[in-house]
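K.L.:
the amino acid sequence is not available; the structure is as follows:
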């Protein structure tokens, strides 16, 4: 078996590869559903209904997608520059805790917002973004200055960040009224993101996330910085030869990527929970990487892929209440989709020759 | 100071160190085989979960403990096969494929666990490996046979790598695959073999958790051990002996922080102790990074005939 680069790319190949990837994913997961002794069509129907079947379902899916867009963008921009940021999970948590810390800091003695909202609100968002950015800056500087591989350090920093947040929740940032649960004080109500629709959890964080994906797409596609970022990712030596500062670009990318992951945390705390707990993210940081890959590292695609993953999670949750299939099927669907999309993407670039 | 000396003289402490080190030895040796052949395998975290699960399930369903170990190795090998299909046969990004394998293996294990045991309150238990009380060596006699296996693998892999033609070819394929191909050796086969063997070791490392360290399977039980192995291999500069040393050093700090937590009496937040091994891992990476001799072809897909 060997690969031969395709010279011309027909739209039919692309379409076929995409449909093939979807079909493959559906078949694999159908087998797993059958194995759980459930009706495949009922299960898939329940997943779809749970994700898109009603106004409430759609808002839930989009609520789930909001942090995933942020972490997906964080991974996409970093991976474009071949900065393998696997630490979005930790960056999300420090972003969330920094937003709450900013809220506490801006609270006056009367328990109200001590600053005008027009200053306080951006300040809270900036605090979360900055915290995420700084957390990614550490491994990036280690990479540029000491050549330490960032995959491992960002991964390890996830554990350190989570323990750090856990320490804050046990100590200086413990909510005294939380009956002993490790939980931060609640964000000031003034600082919360407003709801987008009645009687649903969907909040304006979604708009911020979508705006970010459009801005990032423009930056990557049409600006000098975007060009140097892509050049550094494609060929660092060539980029350096062309006069681009590779390390400087890496550091800027790290600040953007970390800030986006931090924003995911701000969105969760200001839009959904109101306070930080240690289970506020079921691995949004890691899912972000999958989403970025499903989207082919395209910021606009990230939003769509995030909705797909959000729908799988919300749909599987609803389905497991009706049909007897464990919710973990959502992760299996996403993982299978990732692998088959990667292979399908490759097959649009290469022809397989069996000898 | 005195406390540290007492700790070093404490047999129970060293027993704990070796127990903590065992899955890391398996995992780091697995990573070593993959990376020496030029392939990053970030699937390790998920492969350890899958090995832990299938090994345990085999014993739970009535298989013997050693059959459980074999099934765990087989599970690891299968995921290794998938990984090599993606990154050796097809030139996909090794980072991404590995993370995909981790997600796939983990979610598949959790799904299977829930399908098999829909409503269990406490995780079902098995009769795990017994300590080797018959062994007349102090610390080893309180370990399970899997630890002995891990220790025996270190010189075995060292011998194969440095004293056999296969080892030479394996090391060369991670440095200069074109040169290996020119000698008439199939690069793809060699890399696939290394990944499959390495992943099998990762699977056994996971199985140690359910078959020896604990006696049941629960969610999040691997808890980053796989990632630690990926860090340890850099520290160990891709050498089996140093891999053993690195695993034991990490386990030493992990065991020490557990002791300090108990004896410290809450003077410091317990999270600081838990952070210690991770912080030290990063520091160790910084120390060795400058002179780290990465296998030259690591993460570079080999396309036959391409330059």
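P.N.:
Alright, I've got the coordinates. Quick caveat: nothing in here was measured; it's all calculated off a predicted structure.

K.L.:
all contacts plus neighbour counts: C-alpha atoms, from now on.
P.N.:
OK.

K.L.:
longest helix of chain A?
P.N.:
What stands out as the longest helix in chain A, according to DSSP state H, is helix A:117-146.

K.L.:
residues of it that come out buried?
P.N.:
A:120-121, A:123-144, A:146 (16 or more other CA atoms under 10 Å in any protein chain shown).

K.L.:
helix or strand right after it?
P.N.:
Remark: after helix A:117-146, the chain's next helix or strand is helix A:150-170, criterion DSSP states H and E.

K.L.:
could I get the average pLDDT for the next helix or strand after that next one?
P.N.:
Stepping forward along the backbone from helix A:150-170, the first helix or strand reached (DSSP H and E) is helix A:205-222. Taken as a whole, helix A:205-222 has a mean pLDDT of 96.

K.L.:
how about stretch A:288-305?
P.N.:
Summarised as a single mean, pLDDT over stretch A:288-305 is 94.

K.L.:
so what touches it?
P.N.:
Residues from elsewhere that reach stretch A:288-305 (CA atoms under 8 Å, 6 or more residues apart in numbering or on different chains): A:65, A:68-77, A:79-80, A:86, A:88, A:210, A:213-214, A:216-217, A:306, A:309, A:334-335, A:337-338, A:341-342, B:96, B:100.

K.L.:
at 6 Å instead, please
P.N.:
A:68-69, A:71-72, A:75-76, A:213, A:217, A:306, A:338 (CA atoms under 6 Å, 6 or more residues apart in numbering or on different chains).

K.L.:
can you lay out those as JSON lines showing neighbour count, secondary structure and distance to residue B:83?
P.N.:
Converted to JSON lines, these look like this (neighbours: other CA atoms under 10 Å in any protein chain shown; DSSP: H, G, I helix; E, B strand; the rest coil; distance: CA to CA, whole Å):
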{"residue": "A:68", "neighbour count": "32", "secondary structure": "helix", "distance to residue B:83": "26"}
{"residue": "A:69", "neighbour count": "36", "secondary structure": "helix", "distance to residue B:83": "27"}
{"residue": "A:71", "neighbour count": "37", "secondary structure": "helix", "distance to residue B:83": "25"}
{"residue": "A:72", "neighbour count": "38", "secondary structure": "helix", "distance to residue B:83": "23"}
{"residue": "A:75", "neighbour count": "34", "secondary structure": "helix", "distance to residue B:83": "21"}
{"residue": "A:76", "neighbour count": "30", "secondary structure": "helix", "distance to residue B:83": "22"}
{"residue": "A:213", "neighbour count": "23", "secondary structure": "helix", "distance to residue B:83": "31"}
{"residue": "A:217", "neighbour count": "19", "secondary structure": "helix", "distance to residue B:83": "31"}
{"residue": "A:306", "neighbour count": "30", "secondary structure": "helix", "distance to residue B:83": "25"}
{"residue": "A:338", "neighbour count": "27", "secondary structure": "helix", "distance to residue B:83": "13"}
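
K.L.:
from those, which is closest to residue B:274?
P.N.:
Lowest distance from residue B:274 to the contacts of stretch A:288-305 (CA to CA) belongs to residue A:71, with 26.1 Å.

K.L.:
now do the contacts for the closest one.
P.N.:
Listed by CA under 6 Å, 6+ apart, the contact partners of residue A:71 are A:261, A:285, A:288.

K.L.:
repeat that with 10 Å
P.N.:
By CA atoms under 10 Å, 6 or more residues apart in numbering or on different chains, the contact list for residue A:71 reads A:65, A:87-89, A:91-92, A:209, A:257-265, A:284-292, A:302, A:306.

K.L.:
what do you get for residue A:186?
P.N.:
Residue A:186 sits in contact with A:100, A:103-104, A:175, A:269-270, A:273-276, where contact means CA under 10 Å, 6+ apart.

K.L.:
could you pull up phi and psi at it?
P.N.:
When read as degrees, to the nearest 10, the backbone of residue A:186 gives phi -80, psi 140.

K.L.:
ok, it to chain B distance?
P.N.:
Distance, residue A:186 to chain B, by CA to the nearest CA, to the nearest Å: 23 Å.

K.L.:
cool, and residue A:114?
P.N.:
If you measure residue A:114 against chain B using CA to the nearest CA, the figure is 32 Å.

K.L.:
nearest spatial neighbour of residue A:136, chain-adjacent residues omitted?
P.N.:
Distances taken as CA to CA, 6 or more residues apart in numbering or on different chains place residue A:258 nearest to residue A:136, at 5.4 Å, with adjacent residues excluded.

K.L.:
kindly report the same for residue B:18.
P.N.:
residue B:248 (6.7 Å).
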